[in-house]
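Trainee: sequence first, then the predicted structure, then my questions.
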Amino acid sequence: MADLKVSEQKAVSKNSREREKGRSISSLSRLFSFFKPYKINLMVAASILVVTAGISLTFPIAIRRVVDGFYVGSPQLLDYYFSAAVGLASLLAIGTALRFYLVTRLGERVVTDIRVALFNKVISMSPGFFERLLTGEILSRITTDTTLILSVVSSSVSLALRNMLLLTGGLIFMFLTSVKLSLLVLLLVPVMIIPILAMGRRLRRLSRENQNKIADSSGIASEMLLAASTIQAYNYTKWARRSFNNISEDSFKVAKKRIQVRSFMTALIIFVVFVGIVVVLWIGARDVKAGIISPGYLVQFIIYSGFVAGAVAALSEVFGELQRAAGAAERIAEILNSEDPIQEPENPETLNLFAERAIVFEHVIFCYPTRPAEIVLNDLSFNLESGKTLALVGPSGAGKSSIFLALLRFYEFSDGIIKVKGKSIRDFRLSDLRDQFSLVPQEPAIFANSVLENIRFGRPEASDQEVEIAAKKAAAHDFIEKLPQGYQTFVGEKGVLLSVGQKQRIAIARAFLREAPILLLDEATASLDAESENAIQQALEELSQSRTVIVIAHRLATVKRADLILVLNQGQIVSRGTHEELLTQGGLYSRLAKLQFLGN
Ligand SMILES: Nc1ncnc2c1ncn2[C@@H]1O[C@H](COP(=O)(O)OP(=O)(O)OP(=O)(O)O)[C@@H](O)[C@H]1O
Ligand SMILES: [Mg+2]
């Protein structure tokens, strides 16, 4: 199973590539734009935050007054203070709950938006994008990375804001209480900040690596789960388990390193903060004894420095979380910012439906982006008139399917020109271009839905009746009727509950239903019995009267009636003509024909 190794290698080299370019925080600005629609929500939450932080900041003053006035003031004053405290407490409670609601809702809202934006981006990417990233990895970015962002937005950001307010407010009040003691405290601040900054960077890198590993493991898991029966048939389970285990352990190792750094950072900060408090308290206590300040002021000061210390500790925690989220945000921004190599034209042309020439290839040279050295289509030229049928034959790997991919503009070709209805395909909007084609791919894509909906995929607005007509044409109606729930039968993920030939007929029915002017069939009848194939051939015959068709087939019987046959070998057209012409010419085609008819 060399495939798995290849994907592992791919994941590894991709990670190092990503790490290099992933550093820039500027990519994060992409995510900030998701907050723009919710400015008002943000501002309300921020004002509530200011109010509640303000309330918290008044408590120490009240406490000092109570402490210093305990013996001298009147009893009414005490009552007054304590009832005010209860009032403030209720304000604080309501404000905090409201802030929690607003901020958490905002978090869920923004993350939903990000998930949708990610999916919207990814679903329209050309196949080249998916050759670089495994599907499971993309899913991991859509789910785990966004979840991380959610935790940051909904808890850490509000914690950070609150603690920043408490920090500045606390510092101001500390100075108002005692300048001398405050200056002492400030001496400690750089001692705290420097290690936080240094370790924060390390944390961010580790977090990103952690998320990459998780994504790699989902990539490998999804790939192997989709091939579970092959893995079992080859008794490869042991190796599959081992390679999943290895990658999971790798992920754990990185997580462990991250947690270590984080724990060390926490210990350091708590130690520094508490030692600081003890020192300040000590000096303050001496001042009280010497009569320089009152006990109330010392209590007030200690509570403020408690606020400040608490805020610093919370901020360092939040800072760690933010670093973690920044790693995730980079991974998300990377997808959102990635550019599709296939670009839409700025001024798209309108299609001329009545053009005489349906398809023209002129000296087309094409290679896949992952293998730029291997020329897959080499100087390919042909043209196909509207309403005619073209057949492509040739050995496996000759480049037949690649012609379809270039024609539908899934990949960019490097040289030459491809025209549809007289105009370069690069001048059309992609959706307009693809509206021209019904494609039956070599491996039909079947969705986990009913047979009915799978066929209706060809034209979502088609009625049940139209679906049935298309199914009849594709020789699929009979087998569908025999399924347990007929057209409503659920076909399972990727159509696992159907046979290969049945899937193929559903794909053909879908193409018939689509009613696009050009039909592209890639080995469409390869897995069918003679009878079904015959039935489809007849339907195709009928269909090709009114349509332009390109058919790829290994079985020459199915291409006999084509108006033109191109024989491909290694990306080049080695001969062209009708069935009879090619037979008399000898060469590859007559060799293939002899083999097949003798075989039959
Ligand atoms: N996505 C891809 N990236 C890189 N190379 C590819 C890709 N798809 C196909 N190729 C290569 O391009 C060449 C032509 O492939 P293509 O699928 O067009 O062959 P084909 O004629 O359809 O063969 P078959 O009859 O087996 O379907 C092959 O050498 C193949 O390895
Ligand atoms: Mg092919």
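Mentor: In hand now; what should we look at? Ligands and ions are numbered 1, 2, ... in the order given.

Trainee: ok, the closest residue to ligand 2 within the stretch 51-200 of the chain - contacts?
Mentor: The minimum distance from the stretch 51-200 of the chain to ligand 2, using C-beta to the ion, falls at Pro127 (13.9 Å). For the C-beta atoms, the positions are set from N, CA and C on the backbone; glycine is no exception. When contacts are counted by C-beta atoms under 8 Å, 6 or more residues apart in numbering, Pro127 touches 405, 410-411.

Trainee: buried among those residues? Need that as a selection in PyMOL.
Mentor: Buried subset of the contacts of Pro127, written as a PyMOL selection, criterion 16 or more other C-beta atoms under 10 Å:
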select buried, resi 405+411
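
Trainee: Ile455 contacts Glu466, doesn't it?
Mentor: No: if you go by C-beta atoms under 8 Å, Ile455 and Glu466 don't touch, sitting 9.3 Å apart.

Trainee: what about the two, which has more around it?
Mentor: Neighbour totals were compared for Ile455 and Glu466, and Ile455 leads with 29 against 17 (other C-beta atoms under 10 Å).

Trainee: assign that one to helix, strand or coil.
Mentor: helix (DSSP: H, G, I helix; E, B strand; the rest coil).

Trainee: looking at the contacts of Pro127, which are in strands?
Mentor: Nothing among those maps onto strands, per DSSP state E.

Trainee: can you list the contacts of Pro127 in JSON lines and add pLDDT and distance to Leu88?
Mentor: Shown next, in JSON lines, are the contacts of Pro127 (pLDDT from 0 to 100; distance: C-beta to C-beta, whole Å):
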{"residue": "Leu405", "pLDDT": "94", "distance to Leu88": "69"}
{"residue": "Phe410", "pLDDT": "93", "distance to Leu88": "65"}
{"residue": "Tyr411", "pLDDT": "93", "distance to Leu88": "66"}
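
Trainee: and this structure, which residues reach ligand 1?
Mentor: By C-beta under 6 Å from any ligand atom, the residues of the chain that approach ligand 1 are 131, 368, 370-371, 376, 396-402, 442.

Trainee: between those, which is closest to Ala333?
Mentor: Ala333 lies nearest to Glu131 out of the residues of the chain next to ligand 1, by C-beta to C-beta, at 21.0 Å.

Trainee: how much space between the closest one and Val254?
Mentor: 26 Å (C-beta to C-beta, to the nearest Å).

Trainee: report the buried members of the residues of the chain next to ligand 1.
Mentor: When neighbours are counted using 16+ other C-beta under 10 Å, these contain these buried positions: 376, 398-402.

Trainee: closest to Arg514 among these?
Mentor: Lowest distance from Arg514 to those (C-beta to C-beta) belongs to Ser401, with 19.2 Å.

Trainee: check the offset of the helix or strand that closest one falls within from the chain's centre.
Mentor: Per DSSP states H and E: Ser401 is located in helix 400-407. Averaging C-alpha positions (C-alpha atoms, centre = their mean, to the nearest Å) puts helix 400-407 27 Å from its chain's average.

Trainee: OK, contacts around Ser424?
Mentor: Neighbouring residues of Ser424 by C-beta under 8 Å, 6+ apart: 417-418.

Trainee: now it: how far from ligand 2?
Mentor: Per C-beta to the ion, to the nearest Å, Ser424 is found 25 Å from ligand 2.

Trainee: that residue pairs with what?
Mentor: Lys419 (DSSP bridges).

Trainee: next one, pLDDT for it please.
Mentor: Listed pLDDT for Ser424 reads 91.

Trainee: and what of the one 10 residues further on?
Mentor: Here the pLDDT value assigned to Arg434 is 91.

Trainee: for Arg115, see how far away the closest residue to it other than its chain neighbours is.
Mentor: Closest residue in space to Arg434, ignoring its immediate chain neighbours: Leu408 at 6.1 Å, by C-beta to C-beta, 6 or more residues apart in numbering. Plainly put, Leu408 is 28 Å away from Arg115 if you go by C-beta to C-beta.

Trainee: try Pro37
Mentor: Taken as C-beta to C-beta, the span from Pro37 to Arg115 is 15 Å.

Trainee: ok, now Gly501?
Mentor: Distance, Gly501 to Arg115, using C-beta to C-beta: 38 Å.

Trainee: now Ile332
Mentor: Ile332 is 9 Å from Arg115, by C-beta to C-beta.

Trainee: same question for Pro195.
Mentor: 36 Å.

Trainee: the two: who's more crowded?
Mentor: When neighbours are counted by other C-beta under 10 Å, Pro195 and Arg115 differ, and Arg115 comes out ahead with 19 against 15.

Trainee: got a list of what that one touches?
Mentor: 142-143, 146.

Trainee: helix, strand or coil: sort out Ser575 for me.
Mentor: Reduced to three states by three-state DSSP, Ser575 is strand.

Trainee: can you give the domain ranges for this protein?
Mentor: Following the assignment in automatic domain parsing, the chain carries domains at 28-337, 352-436+516-600, 444-514.

Trainee: including distance to Glu346, could those domains go into JSON lines?
Mentor: Below are the domains of the chain laid out as JSON lines (distance: least, C-beta to C-beta, whole Å):
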{"stretch": "domain 28-337", "distance to Glu346": "18"}
{"stretch": "domain 352-436+516-600", "distance to Glu346": "10"}
{"stretch": "domain 444-514", "distance to Glu346": "28"}
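
Trainee: tell me which residue in this structure sits closest to ligand 2.
Mentor: Per C-beta to the ion, the residue of the chain with the smallest distance to ligand 2 is Ser401, at 3.0 Å.

Trainee: contact partners of stretch 483-502?
Mentor: Contacts for stretch 483-502 (C-beta under 8 Å, 6+ apart): 226, 444-452, 454, 464, 467-468, 471, 476, 479-480, 503, 506, 527-529, 532.

Trainee: got the contact list for the residue nearest to Asp145 when sequence neighbours are not counted?
Mentor: The shortest distance from Asp145 to any non-neighbouring residue, by C-beta to C-beta, 6+ apart, is to Ala328 (4.0 Å). Ala328 is in contact with 144-146, 148-149, 207-208, 211, counting by C-beta under 8 Å, 6+ apart.

Trainee: looks to me like Ala328 is in a helix.
Mentor: Yes: secondary structure assignment places Ala328 in a helix (three-state DSSP).

Trainee: from Ser33, how far out is it?
Mentor: From Ala328 to Ser33 the distance is 17 Å (C-beta to C-beta).

Trainee: quick one on the thing from earlier: who touches both of Ile332 and Arg115?
Mentor: Thr146.

Trainee: I'd say His477 and Val467 touch.
Mentor: No: checked against C-beta under 8 Å, the pair His477 and Val467 is beyond contact range at 10.0 Å.

Trainee: so Ile269 touches Ile196, yeah?
Mentor: Yes: assessed by C-beta under 8 Å, Ile269 is found in contact with Ile196 at 7.0 Å.

Trainee: and the strands in the stretch 401-550 of the chain?
Mentor: In the stretch 401-550 of the chain, the strands defined using DSSP state E, counting those that start in this stretch lie at 415-420, 423-424, 437-440, 518-522, 548-552.

Trainee: quick one: closest of the ones you listed to Glu317.
Mentor: Of all the strands of the stretch 401-550 of the chain, it is strand 437-440 that lies closest to Glu317, at 53.5 Å by C-beta to C-beta.

Trainee: how far off centre is the strand or helix carrying Thr112?
Mentor: Per DSSP H and E: Thr112 is located in helix 75-123. Relative to its chain's centre, helix 75-123 lies at 30 Å (C-alpha atoms, centre = their mean).

Trainee: isn't Leu78 right up against Val66?
Mentor: Yes: using C-beta under 8 Å, Leu78 makes contact with Val66 at a distance of 7.0 Å.

Trainee: who has more neighbours out of the two?
Mentor: Val66 (17 against 14).
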